[in-house]
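>>> Sequence and predicted structure are below.
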2 protein chains.
Amino acid sequence: MRTSKYLLSTLKETPNDAEIISHQLMLRAGMIRKLASGLYTWLPTGLRVLRKVENIVREEMNNAGSVELIMPVVQPSELWEETGRWDKFGPELLRIADRHGRPFVLGPTHEEVITDMVRNEVKSYKQLPLNLFQIQTKFRDEVRPRFGVMRSREFIMKDAYSFHLDKESLVETYAEMHQAYCNVFSRMGLDFRPVLADTGSIGGSGSHEFHVLAESGEDLIAFSNESEYAANIEKAEALAPTTPLAQATKELELVDTPNAKTIAELVEQFDLPIEKTVKTLFVKASEEIDADLVALLIRGDHDLNEIKAENLAEVASPLEFAEEAEIRALIGAGPGSLGPVGLELPFIVDRTVAVMSDFGAGANVDGKHYFGINWGRDVELGKVEDLRNVVEGDPSPCGKGTIQLKRGIEVGHIFQLGNNYSKSMNAAVLGPDGKNQVMEMGCYGIGCTRVVAAAIEQNHDKFGIIWPEAIAPFQVVIVPMNMHKSDRVKEAAEKLYADLTAQGIEVLFDDRKERPGVMFKDMELIGIPHTIVIGDRSMDEGNFEYKNRRNGEKIAIAMDSVVEHVKAQLS
Amino acid sequence: MRTSKYLLSTLKETPNDAEIISHQLMLRAGMIRKLASGLYTWLPTGLRVLRKVENIVREEMNNAGSVELIMPVVQPSELWEETGRWDKFGPELLRIADRHGRPFVLGPTHEEVITDMVRNEVKSYKQLPLNLFQIQTKFRDEVRPRFGVMRSREFIMKDAYSFHLDKESLVETYAEMHQAYCNVFSRMGLDFRPVLADTGSIGGSGSHEFHVLAESGEDLIAFSNESEYAANIEKAEALAPTTPLAQATKELELVDTPNAKTIAELVEQFDLPIEKTVKTLFVKASEEIDADLVALLIRGDHDLNEIKAENLAEVASPLEFAEEAEIRALIGAGPGSLGPVGLELPFIVDRTVAVMSDFGAGANVDGKHYFGINWGRDVELGKVEDLRNVVEGDPSPCGKGTIQLKRGIEVGHIFQLGNNYSKSMNAAVLGPDGKNQVMEMGCYGIGCTRVVAAAIEQNHDKFGIIWPEAIAPFQVVIVPMNMHKSDRVKEAAEKLYADLTAQGIEVLFDDRKERPGVMFKDMELIGIPHTIVIGDRSMDEGNFEYKNRRNGEKIAIAMDSVVEHVKAQLS
């Protein structure tokens, strides 16, 4: 490709509204342009990367026996009513009406459509298992789209759905998809981790997220330092301490704490170790128990894990914290002075809190705390659960090593759906016993547009993007110096362009009438892995200059061996 | 691909609601399934064909120097307001609102979006010409979607847009696109014609449609039998007859014709040759002339060309025929008795009518006609224009040969837009003279999903589809007979599948436990070009059977030379 026939569209300045580095670099490198909030045009350089991502995904899905199809973007509301998601899905689901006023949605996902198709087409267990995928434009009407294509409204996703007679078959395909996803992200040259994920309100029996590791990631991932264990912090189990409950050594003491409304203030003003404090958080109770609120007790230096809390039978889903007024009405004290002693509401104790002795907590009277609280003696322990986020140094739940935390960007998600959709839509086949049997389902997503941004978050420096070879927009760029003045440079550049192209190599030939400095800056910004510089000075010595974007290597290469050198770099 | 892991989904019965053969065969061959009116899922077999179509289009666009990008499906209303199409575009433009109530459209086409992008990114004539394309899902809210994917609401289109400093550059790129389109449809193995097209209300200076020829086509195309001339009948010029106006031989005669309200009745009841009759059609006048209606005079056996009529300055656009009540109010007679003699409204005479003598037409009195009308003597001739459709046997407007008519399906359209969009959107670049200059534009579309249906309309027989090699879903199918009983057949089939696949050939291996007859019928229906039948009987003689879908050839091929035979067929 010649830049003169191409739309390069690099920017010198970083646009103001781009908060994260991938968004900034995608704009500056001419990969994307904003059309409206959360809507982006993929310019030629961006599309070349996106297509490589899509093709790697497609090849690995094909290799794993998944079969490609494509479903409509616009979906009739009836199917969403069948599964109840027409009501349950939030305003991210863009509901539209056609010219006749009939209701449709712009598809954010395709469980309903594919389940409908499969229930019509697949009649016998002999046609199972079946694994189908598409690579398609989706729409999610985010309330506040941001971070460029990382959280846009229109995006391209690979979504796959598998159908099975039984759970065993689902688990088998799930494992194949897990491997296919590892292959996909390995081929892209990304540092990634499959991590255990919460299955949330959707239920189902198993789920993994695939994260590209990057400091800017929105998710925290918990790893073991001695095993393969990795889980989203939402899901990572905090084991019960192995140390037994210590004997009480202090008397229960009611203390005036008028200026201590937070754990930090309590610790500072009363010289209390933070490990000897407990926070008491009130959330709405579920209909399972006979109370409006339920209290959750966490050690002062720990964070509540909202997903774990929400998954408890006693807690309303979605999780909702109690308002101060509601707490006051029930307890007679405010959030700064709450605790288990004398509490007349149900409470649940975190595993770590359950083995604490001589600790301090609110006295359920404004401006007062109890110090020296001990379970059994001062208050019954009650129900114990895993309520907190793991922290670095916790023992790994796999039994090996301790927990370390890293940040990740979720780019893929695989999910054992079970019969969540097939049951409500009555998607059944004739089983070997001649009886109708509802199918088991799995679903498997990769955010193709998001992968591009995540790859940049992980692969860049202050000059721009550093593409992994497999997803670079071009493999090689030829930068001729002052070609428009030197016939010799022009001829050599044209010949090299023809020679490399003839080898099937994707070459960008920068034939613009620009100063070499401008060209170098643009090509570093775009992040093409290999650069060949052609100039009169090095040609005097029979050489071209080779530059490697990733390691910064610059070497002179004899003109007649440059094609071989490039081929060696690529293989 | 093994059918056991695939979604074959063939149907024995022809679905009731499929009117045309391509729609029937696409449903029966398991290529598409209807999700809702005008919305189709492309099942694996359909998608394989569609992707081949897309890839041929992509390669030829790349070869012609067009650069690929992709724009959002959802577009903000503001841009459509800039060009005035927010108001002018009919209800086919699906207008939607996002969660904040902001207006958007589901893009049926992308002139606005690309012109907006180019006016932001392209600043100098040095960046021109620029030719950009995308292959993308589009939406057109057809009032009555039908014919399957031939006229669906959601469809996939290749749309390209070129930008130029001047008309000369536009004409050059237009010619390159014309050639690229010829390459595309030739590579697909389709019998097609580029035909001159009307540029309609959009203006612009040149346009060609590309038609796949098929009896079921909705469009009529006029060809010369002695030259390359071809035009949509909408556009094909009917030349003025070279024969001069003949002398009057009859007197003007007022005749009672109470039972002749149509030309056919007049001809039958009064033994008048149809070539001696004239129809008078009233349409709404444009604001250019001082009349509500204008009459158009056509020979009795000719058809009005509505596009030609609409393009006249005197005629309102869009064309609208007058209601009977309006005609009666003005003339005092109904549509069955109208004519030029004594008419007090403006009229326009077709070129053929202008050289007619001694002809009959209505007398503008109910139940009466004039016979023996002659121009000049009985009524002034007035304005003469080309108003009619050409008919077979007309001299070709190119000057060579005579006109023949064929039916076609429009699959592509190229268009010199000029500055229609760039002017209203102020898309300008700095010219060589340092002054801002509005760009010239071209646009170039191919309906990828429609091409698939058109290919079937042209390539089928009573057994099913007969794919051209280049767009077949698979190149070869292996049909093993009773494989589940014969180990020898199974081994031979597995080996052949492995051998052909290793050659890069796309093979469908029908490993279902079905009777051979079922397999043969399915594979004929799907239309795979080459079949290898493996059975015990032919293996006894050391052979497999080869079948050619297009010419029906069936021959025995020695088992060890079958791979070579297939390769020879494909090359």
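Received it, and whenever you're ready, just let me know what you need. Numbers count the residues shown, from 1 in each chain, chains lettered A, B, ... in the order given.

>>> for chain B, what are the nearby residues on the stretch 51-200 of chain A?
A:65, A:67-76, A:91-92, A:94, A:96, A:98-99, A:104, A:106, A:113, A:116-117, A:120-122, A:126-127, A:130, A:132, A:136-137, A:139, A:141, A:143, A:153-154 (CB under 8 Å from any CB of the partner chain). Placement of C-beta: from N, CA and C, glycine included.

>>> which among those residues end up buried?
Among those, the ones that count as buried by 16 or more other CB atoms under 10 Å in any protein chain shown are A:65, A:67-76, A:94, A:96, A:98, A:104, A:106, A:113, A:116-117, A:121-122, A:127, A:130, A:132, A:136-137, A:139, A:141, A:153-154.

>>> Mind telling me which residue of the stretch 301-450 of chain A is nearest chain B?
A:Thr449 (10.1 Å; CB to the nearest CB).

>>> So which residue is dead centre in chain A?
With distances taken as CA atoms, centre = their mean, chain A has A:Glu410 as the residue nearest its mean C-alpha position (1.4 Å).

>>> Contact partners for that one?
A:Glu209, A:Phe210, A:His211, A:Glu218, A:Asp219, A:Gly447 (CB atoms under 8 Å, 6 or more residues apart in numbering or on different chains).

>>> Grab the two from those that are most spread out in space.
Spatial extent of the contacts of A:Glu410 (CB to CB) is set by the pair A:Phe210 and A:Glu218 at 14.4 Å.

>>> tell me the secondary structure for A:Gln568?
For residue A:568 the amino acid is Ala, not Gln. helix (DSSP: H, G, I helix; E, B strand; the rest coil).

>>> neighbouring strands for the helix or strand hosting the residue nearest to the centre of chain A, and are they parallel or not?
Using DSSP states H and E, the element containing A:Glu410 is strand A:403-418. According to DSSP bridges, strand A:403-418 forms sheet pairs with strand A:206-213 (antiparallel), strand A:219-224 (antiparallel), strand A:440-447 (antiparallel).

>>> How far off centre is the next helix or strand after it?
Later in the chain than strand A:403-418, the nearest helix or strand by DSSP H and E is helix A:420-424. Relative to the chain's own centre, helix A:420-424 is displaced by 26 Å; criterion: CA atoms, centre = their mean, to the nearest Å.

>>> helices or strands up against helix A:420-424?
helix A:77-83, helix A:111-121, strand A:440-447 (3 or more CB pairs under 8 Å, 6 or more residues apart in numbering or on different chains; DSSP states H and E).

>>> Could you pull out the strands in the stretch 151-300 of chain A for me?
A:154-164, A:192-196, A:206-213, A:219-224, A:230-232, A:253-256, A:278-284, A:293-299 (DSSP state E, counting those that start in this stretch).

>>> and those as JSON lines, adding mean pLDDT?
Below are the strands of the stretch 151-300 of chain A laid out as JSON lines (pLDDT from 0 to 100):
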{"stretch": "strand A:154-164", "mean pLDDT": "98"}
{"stretch": "strand A:192-196", "mean pLDDT": "93"}
{"stretch": "strand A:206-213", "mean pLDDT": "95"}
{"stretch": "strand A:219-224", "mean pLDDT": "94"}
{"stretch": "strand A:230-232", "mean pLDDT": "92"}
{"stretch": "strand A:253-256", "mean pLDDT": "95"}
{"stretch": "strand A:278-284", "mean pLDDT": "96"}
{"stretch": "strand A:293-299", "mean pLDDT": "96"}
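
>>> can you redo those as a markdown table with distance to A:Phe147?
Shown next, in a markdown table, are the strands of the stretch 151-300 of chain A (distance: least, CB to CB, whole Å):
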| stretch | distance to A:Phe147 |
| --- | --- |
| strand A:154-164 | 12 |
| strand A:192-196 | 19 |
| strand A:206-213 | 14 |
| strand A:219-224 | 13 |
| strand A:230-232 | 19 |
| strand A:253-256 | 47 |
| strand A:278-284 | 30 |
| strand A:293-299 | 31 |
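
>>> quick one, what contacts the residue of the stretch 301-450 of chain A closest to chain B?
Contacts of A:Thr449 by CB under 8 Å, 6+ apart are A:Leu50, A:Val149, A:Ser152, A:Phe155, A:Ile156, A:Met157.

>>> Compare these and tell me which has the most neighbours.
Counting neighbours by other CB atoms under 10 Å in any protein chain shown, A:Val149 leads the contacts of A:Thr449 with 27 neighbours.

>>> Using the three-state scheme, assign that one.
Going by three-state DSSP: A:Val149 is helix.

>>> Pull up the gap between it and A:Thr199, please.
27 Å (CB to CB, to the nearest Å).

>>> got any ranges where chain A has weak pLDDT?
When residues are selected by pLDDT under 70, those of chain A lie in A:200-205.

>>> which ones among the buried ones among the residues of the stretch 51-200 of chain A next to chain B are found in helices?
If you go by DSSP state H, these have A:Val113, A:Asp116, A:Met117, A:Glu121 in helices.

>>> about what we covered before: the buried ones among the residues of the stretch 51-200 of chain A next to chain B in strands, which ones?
Among those, the ones falling in strands (DSSP state E) are A:67-68, A:74-76, A:94, A:96, A:104, A:106, A:130, A:132, A:136-137, A:139, A:154.

>>> what residues does the strand or helix carrying A:Glu54 touch?
If you go by DSSP H and E, A:Glu54 is part of helix A:44-63. Where contact means CB under 8 Å, 6+ apart, the residues beyond helix A:44-63 that reach it are A:6-9, A:26, A:29-32, A:42, A:68, A:133, A:135, A:156, A:158, A:160, A:180-181, A:183-184, A:187-188, A:446, A:448-449, A:451-452, A:455, A:467, A:470-474, A:526, B:67-70, B:132.

>>> now stretch A:369-385
Everything outside stretch A:369-385 that qualifies as a contact, by CB under 8 Å, 6+ apart, is A:240, A:245, A:248, A:250-255, A:257, A:260, A:266, A:270, A:272, A:278, A:308, A:312, A:314, A:337, A:339-343, A:346-351, A:354, A:356-363.

>>> Show me which of the residues you listed are buried.
A:248, A:252, A:255, A:257, A:260, A:266, A:272, A:278, A:308, A:312, A:314, A:337, A:339-340, A:343, A:347-351, A:354, A:356-363.

>>> Among the residues you listed, which lie within strands?
A:Val255, A:Val278, A:Phe347, A:Ile348, A:Val349, A:Asp350, A:Phe359, A:Gly360, A:Ala361, A:Gly362, A:Ala363.

>>> what would the strands paired with strand A:403-418 look like in a markdown table with distance to B:Arg515?
Formatted as a markdown table, the strands paired with strand A:403-418 follow (distance: least, CB to CB, whole Å):
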| stretch | distance to B:Arg515 |
| --- | --- |
| strand A:206-213 | 40 |
| strand A:219-224 | 54 |
| strand A:440-447 | 31 |
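
>>> from those strands, which stretch is densest packed?
Comparing those on average neighbours per residue, with mean count of other CB atoms under 10 Å in any protein chain shown, the densest one is strand A:440-447 at a mean of 25.

>>> okay, the angle between that strand and helix A:111-121?
140 degrees (axes from the mean of the first three to the mean of the last three CA atoms, to 10 degrees).
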